[in-house]
Every structure is written in structure tokens, then in C-alpha cells.
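Chemist: Provide a 3D model corresponding to the input given below.
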Amino acid sequence: ALVGSAACAPCPAMTTSGPGASVCLAVPGVSLRAVVAFTVRLLMRREAFDAEAYKAEIAGKLDDVAPSEVIVVNVTEVTVQISQQRRRGLLSDSTTATALDVETDIETSTDAYLGLVDEVDEKILFSDGSKNQTRVDEPEPQFTPESCPADTFKATSSNDACTPCPGNATAPPSSDEAADCRCNAGFTGANGAPCAACAVGTYKNATGPANCTTCPFASSSPLASVVLTNCSCDPGYFGPAGAACQACAAGTFKNASGSAACDACPDHTFSPAASSAQRACVCNQGYTGPDGGACVACEPGRYKSAN
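Modeler: The predicted structure is shown next:
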């Protein structure tokens, strides 16, 4: 904002303001990317420049700035005048040397940029460019309107950051209300509200507020299942994933979930339909033994009339 008799300037695209405003505000679905920009002169040739080392060095001079927040925008080779004393140090008679002007941005926020401007001004020293690793201009805040990224939203005209959607929800870029956040497949809930995982034995294969669908009869699925084929037949039943499951026939069993066929009971044993464990196989009439185990015929002079 400027004071004085200067004319009012138009707000940039994707920003707005009300009567008497001193700043422009990003419209709903848009946030302001804030950086502090400045140029540092390095007395070196381009081939000696290491961008990652430069970022680490700049970040090390400032409080609470990570190297990942330091952005090298452009590197320009320039020719600078060098002093007689420096020529002696370089063992050179030349009055000029090659330097690099490194245009630098540091990412910040609309709340913190003023403090960062002051810190850069204090800790990254200014010179006329004849000294190494010094600024050759004043640090300047810059603001760029940017659409809210996917899975975030912003509902008001302000310079606040975009708000992340609730967990397990998604939203398209430029979302301008909480209701744009819709539960992912495998999760259910109202648009803009917290999303709950589909319960065991249910699934949901699309984004949105729809309820989870119950698996077909005699099948189940893990928590947060996203497709019908996550439903597999229960123990005691068989069939392909996602399809109707059939009970294991009498005399067979199946002790695990999945599409595998039912197993036959051991010789001389019998089980009811839909048996889910081998111990359901009991010895036939005339045979004896442990449930699910080997059965032997009754000895001569003995009998057994029940399974």
C-alpha cells in the first residue's frame, strides 16, 4: 500500500478489493504465494556455482528458513570491476572479473513476509557488488495469486492460506467451499464433513457422499474397501470374488476366506453344508475317531449308530 496522491492501481487477476481498500485480496479458491526476492552477487564463474550449496548457505544465515524454501530463479553472468588489492590476491593484472548475479526467492507467508524482509536486509549484507556473497539490491516482497491446489479449498476473499480437506477426502484445484471436499472411494460422509472408512463387509467404489454398499451374501471385505471384488467368500462358502457365494456341500469344508474350492472331509467322515472348519467333519456310523481326524472302523463286536 502507498500513501500520497498516486492513482489507485487495479488489483491483479484473481484478486479483488472493496471501497477504500489498501490491499487486494485473493478471491475464493485462490491464495497468494508470497516470496521475498533479492539478488546476491558471487565472485565466481558459472561452472563453479553449486545451487544446492548456495541454498544451504542462504538458509543458514536466516532463522527458520529451510534450504527447500530458497529458490534460485535465475543466474546471470556479469563483469565487475575489481580493486588493485583484489588483483594482487588473484595474481592478475586485469581490472575486471566474472561474477554471477543469483536472483533468489525465499518462500514465506502473507503474515511473515515483513519480518523476513527485515532479516534478509540485516543478515545478507548489501554492497556495491565488489564484495563476494553480498546483495546488490533491496529485498522486495512479491505476491502471486495461485489457485488452491487439489485437496484444499478457500471459501472467502482473503489472503489466508487454502485449507486442507478433511482426511480421506479430495477436491479439485481452485475449490472455493468446504463442500467441494468429497470422500474418497472406500470412505463415506457428507461433502465437506469428516469421512469414515467403509466398515468390514462393505465397499464404495466412487468419490462422493454415497453410503457404502454391503458385500454379497456370505462374503466380506476389509475395512475401507474400494471395489466389489474386495468382497471374498466367507469360510464355509466358495465362489469368485465379488460374486454370489455358494455353501460348501455336505461332506466338505473351507476354513478361510477367498475364492478357493471347498476341501473334502477325511475318509469315513461327514460334515453339514457350509462347514467352515475341518473339525466339522465327524466320523460316520460304524467309525470312530476325533472330530476332523482319522476315523477307524469299530472293532468286531462293537458298533456305532450315529455320526
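
Chemist: and Thr39, what are its bridge partners?
Modeler: Beta-bridge partners for Thr39, by DSSP bridges, are Glu103.

Chemist: just Phe143 next, same as before
Modeler: Ala34.

Chemist: next up, the contacts around it.
Modeler: By C-beta atoms under 8 Å, 6 or more residues apart in numbering, the contact list for Phe143 reads Leu32, Arg33, Ala34, Thr110. Where C-beta positions appear, they are placed from N, C-alpha and C, glycine not excepted.

Chemist: retrieve the pLDDT associated with Ala197.
Modeler: For Ala197, the model assigns a pLDDT of 98.

Chemist: er, Ile106 I mean
Modeler: 97.

Chemist: let's number from 855 now, not from 1
Modeler: In the new count, where the first residue is 855, that last one comes out as Ile960.

Chemist: tell me who's in contact with Ala867.
Modeler: By C-beta under 8 Å, 6+ apart, the contact set of Ala867 is Pro999.

Chemist: what are the phi and psi values at it?
Modeler: Backbone torsions of Ala867, given as degrees, to the nearest 10, read phi -60, psi 150.

Chemist: with the one 10 residues further on instead?
Modeler: Reported as degrees, to the nearest 10, the phi and psi values for Val877 are phi -140, psi 160.

Chemist: burial count for it?
Modeler: Residues near Val877, counting by other C-beta atoms under 10 Å, number 12.

Chemist: now the one 10 residues further on
Modeler: Arg887 has 15 neighbouring residues, counting by other C-beta under 10 Å.

Chemist: quick one: contacts for it?
Modeler: Arg887 touches Glu961, Phe997, Thr998, Pro999, Glu1000, counting by C-beta under 8 Å, 6+ apart.

Chemist: distance-wise, check the second one relative to Val974.
Modeler: Meaning Phe997. Distance, Phe997 to Val974, by C-beta to C-beta, to the nearest Å: 16 Å.

Chemist: buried members of the contacts of Phe997 into ChimeraX, please.
Modeler: Selection of the buried residues among these in ChimeraX, burial being defined by 16 or more other C-beta atoms under 10 Å:
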select :886,888,964
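
Chemist: which of the contacts of Phe997 lies closest to Cys1135?
Modeler: Arg887 (69.2 Å; C-beta to C-beta).

Chemist: read off the pLDDT value for the closest one.
Modeler: pLDDT, Arg887: 90.

Chemist: please apply the same query to the one 10 residues further on.
Modeler: According to the model's per-residue confidence, Leu897 sits at a pLDDT of 87.

Chemist: that one reaches Asn986, doesn't it?
Modeler: Yes - using C-beta atoms under 8 Å, Leu897 is in contact with Asn986, at 4.4 Å.

Chemist: more neighbours: those two, which one.
Modeler: Leu897 (18 against 13).

Chemist: list phi and psi for the more buried one.
Modeler: For Leu897, the backbone dihedrals are phi -90, psi 80 (criterion: degrees, to the nearest 10).

Chemist: what about it, distance to Val934?
Modeler: 7 Å.

Chemist: got it, and Ser1159?
Modeler: Going from Ser1159 to Val934 by C-beta to C-beta gives 110 Å.

Chemist: more neighbours: the two, which one.
Modeler: For the pair Ser1159 and Val934, the greater number of neighbours falls to Val934 (16 against 6), based on other C-beta under 10 Å.
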